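I'll drop the sequence and a predicted model, then ask my questions.
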Amino acid sequence: MIMRNSELIMVVLLLAVLSLCKTNSLACNEREKHALLQFKQSLTDPANRLSSWSLTEDCCGWVGVLCDNVSGRVFELHLGNPEDSGKSTLIGKLRLALLELEHPNFLNLSLNDFKGTPIPIFLGSMSSLTYLNLWGASFGGLVPHQLGNLSSLRQLYLGGNPGLYVDNFSWITLLSSLESLDLGWIDLHRDIHCNNMPNWLFNLSNLLVLDLSDNSLVGQIPSTISNLHNLNYLNLSVNMLIGRIPESLGQLKHLRILSIFSNFLCGPVISYQLGNLSFLSYLDLHKNKLNGPIPSQLGNLSSLSYLYLHGNELNGTLPRNLGLLSNLVALHIGNNSIEGTISEVNIAKLSKLKYLDMHLTSVVFNILFSIANNSLAGQISSFSCQKMNERSKLRILDLSNNALSGELGHCLMRWQSLTHLNLGSNNLSSEIPESIGSLFSLKAMHLHNNSFSGGIPLSLNNCTVLGLADFAENKLTGNIPSRIGERTHLMVIRLRSNELFGDIPQQICRLSSLIILDLANNRLSGSIPRCLNNISAMATVPSAIDDKFSTLQFSIYLEYQRDYLGYREDLILVVTGRKSKYTSILPLVRIVDLSCNNLSGGIPIEILSLFGLQSLNLSQNHLMGRIPEKIRGMKYLESLDLSNNHLSGEIPQSITNLTFLCYLDLSYNNLSGRIPSSTQLQSFNALDVMGNPELCGAPLLKNCAENEVPQGDENVEGSERSWFYIGAAAGFIVGFWGVCGALLCTRAWRRAYFNFLDMFVMSKGLQPGRKGGKRWWRILRKTCPGSSTYFNGMGKDLYSSVFNLATLLFPVVS
C-alpha cells in the first residue's frame, strides 16, 4: 500500500515539474518580443490582424507567431495574407529589427503590400531560414545576391513581384538544399546568362517545384531538364521558348503538374515517353504551335484531371482512349484542326468532366453524346455554336444536370440529326428560340429546371415526331398553344411549375397516345375539358410491352464493341406527394396532374373513363360539386388527390372498389356524411380527410349518429329489396296463371284434372267420413267458407264430390 502511494506521489511531482518546464519554455524572449513590436510599428494593419501583438501578451501566443517549445525563441512568422484581398493586407516595409530573431527558420510575408521597396539585404543574414515566401508582396528592385547565403533554404518564393529583376543569378546554385523555387513574373532578362534557360539551374537536383513562368526566357527547353528527376511541378509558361518538347521530359516520372502554355513550341506532343508520367494530373500546352495528332498515350495517364491543348495546330482525330480518363475534369481541344467522329466510346468514362471546349474544330458528333451530371460550366453557345459540317450524325445530346448558362440562341438549328435533346437542370435563360422548330427529327426534348422565359414556341409544331416535351420548372408564360393537339405522337407533356395561364385547350384531347399530362402549379383557369376520355392510351390497361413508347428509346449495335449502345428516357414525376425518378417503368405510367391551378366547375364524368390511370391529382383548384359515383371504374388508380377544393356531398361508397389505392387525400373540401367503411379507407390517416367539418367515422375521431346510415348503403339496400319483391310477384303471377289459366280456358283439361283429384282423394282415404278426411275437408271449408252449406249436405256420400267442388269454384266455365 505504501509502495503504491509513493509511486502516485512521484507521478504527480513529475507532471508538475513537466508543467513548469513547459510553461517556462514557452515564455517569450523579451528581446525578440520588442523586435517584433518594432516591426509592427512599421506596418499599417487595416484589418487589425496584429491586435494580439502587445506588451501585455506573451509573444508566443500572438497571431502568426510560433515559438520553440524548448528555448521559447521565435522560429516561425506566418504573416501571409490569408484572404488574398486588400482588406487584410499588411502595408509598410521590413525593419532591421527582424535580425533580433535569433533562430527563425520560417518567414511568410506573401500577398502583402511593401510598396515596391527592395527586398532587404539583411534577409541574407537570417541563415537559419529554411522557408522564405515573399510571393506577390509588391517588392521591387534588384533581388539581393545575399540570398545566396541562406544555405539551409529549402523553399524560396519570389514570384508574383513583377517589379523585381535579376542581374546575376548564379548565386542560386549556392542553395543546394533548395526544393521549391518560384521566380514567376520576375525579370530575368537583365542577366545575360538567363536569356536561355541556364544549364546550371538543372544542377539543383533536389528541386520538387520549379516556376519560371513569365520570365521572357527564349531558346529551347534543354534536354538536361531530366536531371531534375524529383520534380513534381514544372511551370515554364508565358515565355518565348521555341523548338520541340524534349523527349527527356518523359523521364520526370514524379511530375504531377506540367504547364508550358503560351510559348512558341512546335512539333508533335511528346508521345512515347509521355505515357511514363503516371502521376500527371495537370497538363497545359495551349497557345503554342504544336502539330500532329493528339497522342493516344494520353489515354494511359489515369491520374490526368486537366488537359489543355487548345490554340495549337493539332490535327487528326480525337484518340478513342481519351474516354478512359475517368478523373478528367477539364478537356480543352478547341481551335485546332481536329476532325473525325466523337461517339459514346470517346467519352465513356468521363464522369467527372466539368469543362469541355471543342470550338473551332471539325469534330463530328456521332450517335450519342452524354456528359450529364458533371457540373459542366460555361456558356451553352460555346458548345452548340461550334463549327459543324454536314457529316454530323449526332442523334442524342444529353448535357443535363450541369452548370451551363446563357441563351440557347439559334445554333441548335445546325444539329439537324438530333432525335433526343436533354438540357435539363442547368442555368439556361432567355426565351426558347423559334429555331428549335427546325429540329425536325426530334422525338424527345428536355428543357426542365432552367430559367427560360417567354412563351412556348409555336415552331414546335414543325417537330412532327415529337413524343416527349418536358418544359417544367421554368418561367414560361402565355397560353398553352392550341396547335399542340396536332402533334399526335406526343406521349408526355410536362409543363408544371411555370407561369402559364388561360384555359386548357380542348385540342389536347386529340393526343390519343398521351400517357403523362402534367400541367400542375401554373395559373390555368376554366373547366377541365370533358373530352379527356378521348385519350385512349389512358383508357386502357398499360401492358409490359408498349410499342408506342418504344419509339422514344434508342439502341444501336456497335460492331467494334460487339455490344449495344442504348439510351433510355427518364422523368422526375410527382406522385403521392413525392418526387420520384421513373426510367425503366416509364412506359407503364399513366398520370394526370392538374393541381395548383385556378380550375373551376365540377369533376367531369368523362375523366373517370380513363380506366388505366394510376395517378389523378386535381388538388388546390376551385372545383365544386360531388365526387362522381363512376370513380369505381378507375380500378388501377394508386394515387387520388382532390384536396383543397370545394367538393360537397358524401364520399361515394364505390370508392371502396379502388383496391390498388395507396394514397388518398380528400382534405379541405365540404364533404359530409359517413366515410364509407372498408379496411382500405380506414387505414388512411385522419389528415387525409381533415378540413371537412361534416364528415364522420373512421379514420376521424368524430363518430356518426347510431341511426345514421350512409345514403349510399340505403340506396343500395332499398334498391335490392325492391327488385326482390318485384321478382317474387312476377314469378307468382306467371306460375299461378300458367296453371290456372290453362284450366279455366280448356274444359277437357279441367275435367281430366279434377277427375284425377277425385281418384287421389279416394285412394288416400281422404273422404269426409274418415278420420283423415275430416281434417282435410275442414281445411277446405275454411279455405272456401262460402261453400260450407254444400259441404254439410254432402254427408258421407263422396259421389262426384271433387267434380262438384270444381263446379262450385268455377261456376262460369264448368
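That came through fine.

how close does the spatially most central residue of the chain sit to Asp570?
Closest to where the C-alpha atoms of the chain average out (C-alpha atoms, centre = their mean) is Asn401, at 6.5 Å. Going from Asn401 to Asp570 by C-beta to C-beta, to the nearest Å gives 11 Å. In short, each C-beta sits where N, CA and C put it, glycine included.

thinking again about what came up before, who's in contact with the residue nearest to the centre of the chain?
Applying C-beta atoms under 8 Å, 6 or more residues apart in numbering to Asn401 gives the contacts Ala372, Asn373, Asn374, Gly424, Ser425, Asn426.

among those, which two are most distant?
Across the contacts of Asn401, the longest distance by C-beta to C-beta is 13.6 Å; it joins Asn374 and Gly424.

more neighbours, those two?
Legend: neighbour count by other C-beta atoms under 10 Å for Asn374 and Gly424, higher for Gly424 (24 against 21).

the more buried one: what secondary structure?
Per DSSP: H, G, I helix; E, B strand; the rest coil, the secondary structure class of Gly424 is coil.

what sits against Cys28?
Applying C-beta under 8 Å, 6+ apart to Cys28 gives the contacts Asp58, Cys59, Cys60, Cys67, Gly72, Val74.

give me the buried positions along stretch 28-47.
Buried residues in stretch 28-47, counted by 16 or more other C-beta atoms under 10 Å: Cys28, Asn29, Glu32, Lys33, Ala35, Leu36, Leu37, Phe39, Lys40, Leu43.

where's the fourth one, which helix or strand?
This points to Lys33. Taking DSSP states H and E as the criterion, the element that holds Lys33 is helix 30-41.

would you say Leu599 is within a strand?
Yes. Assessed by three-state DSSP, Leu599 belongs to a strand.

quick check: it touching Ser619?
No. The criterion here is C-beta atoms under 8 Å, and Leu599 misses it with Ser619 at 10.5 Å.

more neighbours: which of these two?
Set Leu599 next to Ser619 and count neighbours by other C-beta under 10 Å: Ser619 wins out with 24 against 21.

mind checking how far the more buried one is from Gly612?
Per C-beta to C-beta, Ser619 is found 21 Å from Gly612.

do Leu666 as well
Distance, Leu666 to Gly612, using C-beta to C-beta: 22 Å.

higher neighbour count, these two?
Neighbour count, other C-beta under 10 Å: between Leu666 and Gly612, Leu666 has more, with 25 against 20.

and the gap between that one and Leu610?
Computed with C-beta to C-beta, the distance linking Leu666 and Leu610 is 19 Å.

likewise Glu102?
Distance of Glu102 to Leu610, given as C-beta to C-beta: 89 Å.

again, but for Asn108
Counting by C-beta to C-beta, the separation of Asn108 from Leu610 is 72 Å.

neighbour count for the two, which is higher?
Legend: neighbour count by other C-beta under 10 Å for Asn108 and Leu610, higher for Leu610 (24 against 21).

what residues are up against that one?
Residues near Leu610 by C-beta under 8 Å, 6+ apart: Leu532, Asn533, Ile535, Met538, Ala539, Arg590, Val592, Met634.

got it, and Gly691?
Contact analysis of Gly691 by C-beta under 8 Å, 6+ apart lists Ser643, Ser667, Tyr668, Asn669.

let's see that with 7 Å instead.
By C-beta atoms under 7 Å, 6 or more residues apart in numbering, the contact list for Gly691 reads Ser667, Tyr668, Asn669.

got the buried residues for stretch 165-183?
So for stretch 165-183, counting by 16+ other C-beta under 10 Å, buried means Tyr165, Val166, Phe169, Trp171, Ile172, Leu175, Leu178, Glu179, Ser180, Leu181, Asp182, Leu183.

among those, which ones are in strands?
Here DSSP state E is the test, and these give Tyr165, Ser180, Leu181, Asp182 as lying in strands.

could the residues you listed be laid out in JSON lines, adding distance to Asn133?
As requested, these are exported to JSON lines (distance: C-beta to C-beta, whole Å):
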{"residue": "Tyr165", "distance to Asn133": "19"}
{"residue": "Ser180", "distance to Asn133": "9"}
{"residue": "Leu181", "distance to Asn133": "12"}
{"residue": "Asp182", "distance to Asn133": "9"}
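
can I get those in JSON lines with pLDDT and distance to Val209?
Formatted as JSON lines, these follow (pLDDT from 0 to 100; distance: C-beta to C-beta, whole Å):
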{"residue": "Tyr165", "pLDDT": "91", "distance to Val209": "22"}
{"residue": "Ser180", "pLDDT": "95", "distance to Val209": "4"}
{"residue": "Leu181", "pLDDT": "95", "distance to Val209": "7"}
{"residue": "Asp182", "pLDDT": "95", "distance to Val209": "7"}
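
and those, which is closest to Lys443?
Nearest to Lys443 among these, with distances taken as C-beta to C-beta, is Asp182, at 55.2 Å.

for that closest one, list each beta-bridge partner.
Per DSSP bridges, the residues bridged to Asp182 are Tyr157, Asp211.

just to check, it is in contact with Tyr157?
Yes. If you go by C-beta atoms under 7 Å, Asp182 and Tyr157 touch, sitting 4.3 Å apart.

who touches both of those two?
With contacts taken as C-beta under 7 Å, 6+ apart, the residues that reach both Asp182 and Tyr157 are Trp135.

rewinding a little: got a winner among the contacts of Gly691 for most neighbours?
When neighbours are counted by other C-beta under 10 Å, Asn669 leads those with 23 neighbours.

what pLDDT is listed against it?
On pLDDT, Asn669 comes in at 95.

so it sits against Ile651, correct?
No. If you go by C-beta under 7 Å, Asn669 and Ile651 don't touch, sitting 9.7 Å apart.

give me the subset of the contacts of Leu610 lying in strands.
Of the contacts of Leu610, the ones assigned to strands by DSSP E are Val592.

now the contacts of Leu610 in a markdown table, with neighbour count, distance to Ser138 and pLDDT?
Below are the contacts of Leu610 laid out as a markdown table (neighbours: other C-beta atoms under 10 Å; distance: C-beta to C-beta, whole Å; pLDDT from 0 to 100):
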| residue | neighbour count | distance to Ser138 | pLDDT |
| --- | --- | --- | --- |
| Leu532 | 24 | 73 | 90 |
| Asn533 | 18 | 78 | 89 |
| Ile535 | 25 | 72 | 90 |
| Met538 | 27 | 72 | 89 |
| Ala539 | 16 | 77 | 85 |
| Arg590 | 25 | 69 | 91 |
| Val592 | 24 | 67 | 95 |
| Met634 | 24 | 76 | 89 |
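
out of the contacts of Leu610, which is nearest to Phe452?
Distance to Phe452 across the contacts of Leu610 (C-beta to C-beta) is lowest for Val592, with 24.1 Å.

show me where the stretch 51-200 of the chain has its strands.
For the stretch 51-200 of the chain, the strands defined by DSSP state E, counting those that start in this stretch occupy 65-67, 74-78, 91-92, 106-108, 131-133, 140-142, 155-157, 163-165, 180-182.

mind giving me CSV with these and columns for distance to Gly478?
Listed next are those as CSV, based on distance: least, C-beta to C-beta, whole Å:
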stretch, distance to Gly478
strand 65-67, 66
strand 74-78, 60
strand 91-92, 58
strand 106-108, 60
strand 131-133, 60
strand 140-142, 62
strand 155-157, 59
strand 163-165, 60
strand 180-182, 58
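
and those: which comes nearest His489?
Taking C-beta to C-beta, strand 180-182 is the member of those nearest to His489, at 62.5 Å.

neighbours of Phe660, how many?
12.

can you check Ile585 too?
Ile585: 9 neighbours (other C-beta under 10 Å).

ditto for Arg244
Residues lying near Arg244 (other C-beta under 10 Å) number 14.

list the contacts for it?
With C-beta under 7 Å, 6+ apart, Arg244 has these contacts: Leu265, Cys266, Gly267.

not counting sequence-adjacent ones, nearest residue to the first one?
If you skip the residues right next to it in sequence, Leu265 has Asn288 as its closest partner in space, 4.3 Å away by C-beta to C-beta, 6 or more residues apart in numbering.

does Gly140 touch Leu158 like I think?
No. If you go by C-beta under 7 Å, Gly140 and Leu158 don't touch, sitting 11.7 Å apart.
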